[in-house]
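Novice: task: produce atomic coordinates for the following.
(6 chains)
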Number of protein chains: 4
Amino acid sequence: MSDTGGGKRELNKQANRDAILQAARELFAEVGYGATTVRDIIRRTGLASGTFYNYFLSKEEIFDAVRNETAARVRPRLRAERIRATSFEDFIHRTFRSFFEIIAANPNLYAVIRRNSGMLRGQAGTQEIAAGFDELRSDVEDAVRRGLLPDVDVDLFVAALTGVALEVGDRMVQRDPVDVEATARFAASLFNGGIPALPKRG
Amino acid sequence: MSDTGGGKRELNKQANRDAILQAARELFAEVGYGATTVRDIIRRTGLASGTFYNYFLSKEEIFDAVRNETAARVRPRLRAERIRATSFEDFIHRTFRSFFEIIAANPNLYAVIRRNSGMLRGQAGTQEIAAGFDELRSDVEDAVRRGLLPDVDVDLFVAALTGVALEVGDRMVQRDPVDVEATARFAASLFNGGIPALPKRG
Amino acid sequence: MSDTGGGKRELNKQANRDAILQAARELFAEVGYGATTVRDIIRRTGLASGTFYNYFLSKEEIFDAVRNETAARVRPRLRAERIRATSFEDFIHRTFRSFFEIIAANPNLYAVIRRNSGMLRGQAGTQEIAAGFDELRSDVEDAVRRGLLPDVDVDLFVAALTGVALEVGDRMVQRDPVDVEATARFAASLFNGGIPALPKRG
Amino acid sequence: MSDTGGGKRELNKQANRDAILQAARELFAEVGYGATTVRDIIRRTGLASGTFYNYFLSKEEIFDAVRNETAARVRPRLRAERIRATSFEDFIHRTFRSFFEIIAANPNLYAVIRRNSGMLRGQAGTQEIAAGFDELRSDVEDAVRRGLLPDVDVDLFVAALTGVALEVGDRMVQRDPVDVEATARFAASLFNGGIPALPKRG
DNA sequence: AATGAATGAGCGTTCATTCAT
DNA sequence: AATGAATGAACGCTCATTCAT
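Specialist: Now for the predicted structure:
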């Protein structure tokens, strides 16, 4: 009888993989990709250094895995919030609020983003991150199509949204206390007030 | 007889220093600080490896020098534009337009920023960069004081401005052709439309 | 199942550590600390350069290890001989003889001492070396207390003993054949004849 | 008319050479040969680094020069004292006393010896140092020939003398106050008491 | 003779990765 | 699958020495 994935061994394998990922996420958050060593990662798990390579092909691969896994956890949440929106104003507000909630609740998830932001977009981003951006973009395009949003330059619009989310979010988490609601209101007001003024495409 | 800068030797020194800085800037732009080696830098200049240390104390020092020198070139230009503004609408527009002009004209100056943005703010930024942010912030505070801008959360406002400048600028330079004026209009419209809607402080 | 020292792997580890220590000892003896490179040391063992750092934290650490290990081997032997002494004359003779025996039998142990003698005493010496000197000194003080030795300046006395041991020992090992017994007799006669003439303290 | 050595240029040359030698002596005394850099030496003179090589062929050569020059200053003084001796007892006493006087008066001359003692004898010693040892040795041989000293093993005898001078001298200079006379009496008593007991040769 | 920038071999050390056990 | 010692390329940096001026 072959072991089809439910056995003890597989459970252990999954636990080890998770432990390594978790340790890696912490370190990438604390000191960044460049300053994290594979040894640091495995030392935190109590496993042996060679074991790392039973789970990941390289340091780069685990970095991608951390980012992908993070994006995979965050993406559906952001999407779910957006979909629930009843108007574009609401869409913008929910987008900011849910993003700010997530980073407020997961400070070191956010630290990974900031500390390694040079590796976030373009060549260095992962599939999952790219997919998250595409999703946002296509939701915005949809809103344009449905007439909820004027016919703006979607590319630039998404870029502006992203920039504000990242930078304003950064300031937010440095405050004490962190006020997610007020910060979301700030960012959403700026956008919702500004959208009607945006140049139309054509 | 002391040769105070006019001699062949001094010329050569300046040329070497510039060549090293230029090579460093290119590499920091192409692959980032972590992946750039001192040997890469000097190899690009044709000089010997030891020569690097006649001009810079360490790899870190040249990175700071690149950033400081960049910020020192950019900062007064941005400031000069802002000061010329006749209204806050104009202030916002000029800020975006001059920033976009600069990054359009100096693609690898901009790449340094993007590829190393984790080292831009906070502890890891240089004096000159910090001064640039302070300057922007204090110009905005001034506008509030003079009643040109409602009493908004200046910190978040500057963050939003920065985020939009960086992300929208990033998309802009990837387009062909690069349209600085249209991009500036986009960003400025968003802000100028949104500002009146911003929550007041207190 | 933990392998506590009996396994092949542990044996190999011990063998490697010994090989590195041995190579280091030889090189410190042949060319001194300053002229010895870590690469020279590992090259002599056939191991890879990184392997050195699996066993020692730094070049300095292995130098201390060589000196400590040497002192640790020599110290109890010298002590054991001294303790067996039946009179102070015997104490002196045994001290010289056992020291000369040791250096005759371990020429490059001795060379380490000579080639790096600037690092023997004071700040630069190791714990074990300092302990060896302290032990000798306290044995001499004991002899004074028990009336076997006049009340001389113990500090200078120990210094004189040390100086003669080192310098006379140095000449001895350069002779062919090496005559430990005759050399010990020479040094001991000088001291034992001279001690009664030494100025009393006070 | 040719400049036969008395001109201004030659004076300056001599002054530069002396300044370099002096700086080198200080550094060899303070930090030892290995830790002294040629740049350190010339920096202390105010000259340019290339100038060093107009006066000395290499770092090693100046080290030899420092040692030779030191030995050349010390040697005649020691000799002159010994020659004045009226008996062998006096010879021994004067030898120690004059050596101790010199090291007490020139602490950093002495520091050069201690800090670089691994390079004092054998292969690494200079001509002048070797000559000093030879001279001492031949004075002792002379004393044997003239019947002032029993027919001892001169080689070992000179070694013992040297060892006591160095080690006892070392302790002496660390005391406060430094008592040259008492220290010389100590060392001389040991030897003069011990000599009659020394084994005869043959 | 003096200068000081340029040279490049070489140093101690790190670390992602491999592999025998 | 787990171990952890071994590997070796590569790093940032130093410094004795050379050489054009």
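Novice: how about the host helix or strand of A:Phe63, does it reach DNA strand E?
Specialist: Using DSSP states H and E, the element containing A:Phe63 is helix A:59-83. Yes - judged by Cβ under 7 Å from any atom of the strand, helix A:59-83 comes into contact with DNA strand E at A:Lys59, A:Glu60. For every residue, glycine as well, the C-beta is placed using N, CA and C.
Novice: in that helix, what counts as buried?
Specialist: A:62-71, A:74-75, A:78-79, A:81-82 (16 or more other Cβ atoms under 10 Å in any protein chain shown).
Novice: could you check the angle the lowest-mean-pLDDT helix or strand in chain A makes with helix A:59-83?
Specialist: When the helices and strands of chain A are scored by mean pLDDT, DSSP states H and E, helix A:107-115 comes last with a mean of 84. Between helix A:107-115 and helix A:59-83, the angle comes out at 110 degrees (axes from the mean of the first three to the mean of the last three Cα atoms, to 10 degrees).
Novice: packing partners of helix A:107-115?
Specialist: Packing contacts for helix A:107-115, counted by 3 or more Cβ pairs under 8 Å, 6 or more residues apart in numbering or on different chains; DSSP states H and E, involve helix A:8-31, helix A:59-83, helix A:88-105, helix A:154-173.
Novice: distance from the helix or strand following that helix to the middle of the chain?
Specialist: Sequence order places helix A:127-145 as the next helix or strand after helix A:107-115, per DSSP H and E. Put simply, helix A:127-145 sits 14 Å off its chain's centre (Cα atoms, centre = their mean, to the nearest Å).
Novice: check stretch A:47-63 too.
Specialist: 23 Å.
Novice: still on that earlier bit, check which helices and strands the helix holding A:Phe63 sits against.
Specialist: Contact partners of helix A:59-83 among helices and strands, from 3+ Cβ pairs under 8 Å, 6+ apart: helix A:8-31, helix A:88-105, helix A:107-115, helix A:127-145.
Novice: what's that helix in contact with?
Specialist: The contact list for helix A:59-83 (Cβ atoms under 8 Å, 6 or more residues apart in numbering or on different chains) reads A:20-21, A:24-25, A:28, A:33, A:36, A:38, A:41, A:52, A:56, A:91, A:94-95, A:97-99, A:102, A:109, A:112, A:116, A:119, A:125-129, A:131-132, A:135-136, A:139.
Novice: distance from stretch A:135-154 to the middle of the chain?
Specialist: 21 Å.
Novice: buried ones in that stretch?
Specialist: In stretch A:135-154, counting by 16+ other Cβ under 10 Å, buried: A:Leu136, A:Arg137, A:Asp139, A:Val140, A:Ala143, A:Val144, A:Leu149, A:Val152, A:Asp153, A:Val154.
Novice: sorry, back to before: show me how to select, in ChimeraX, the buried members of the contacts of helix A:59-83.
Specialist: Remark: buried members of these, expressed as a ChimeraX selection using 16+ other Cβ under 10 Å:
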select /A:20,21,24,25,28,33,36,38,41,52,56,91,94,95,97,98,99,102,109,112,116,119,125,126,128,129,132,136,139
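Novice: for the closest residue in space to A:Arg115 that isn't next to it in sequence, give me its contacts.
Specialist: Nearest non-adjacent residue to A:Arg115, counting by Cβ to Cβ, 6 or more residues apart in numbering or on different chains: A:Gly32, 4.4 Å away. By Cβ under 8 Å, 6+ apart, the residues touching A:Gly32 are A:Arg115, A:Asn116, B:Gly118.
Novice: can you give me phi and psi for A:Gly32?
Specialist: When read as degrees, to the nearest 10, the backbone of A:Gly32 gives phi 90, psi 160.
Novice: which pLDDT value goes with it?
Specialist: If you check A:Gly32, the pLDDT there is 89.
Novice: what do you get for the one 4 residues further on?
Specialist: A:Thr36 is assigned a predicted lDDT (pLDDT) of 95.
Novice: give me the neighbour count for A:Ala187.
Specialist: Applying other Cβ atoms under 10 Å in any protein chain shown, we find 30 residues neighbouring A:Ala187.
Novice: got a list of what A:Tyr110 touches?
Specialist: Contacts of A:Tyr110 by Cβ under 8 Å, 6+ apart are A:Ala29, A:Ile102, A:Ile103, A:Gly169, A:Val173.
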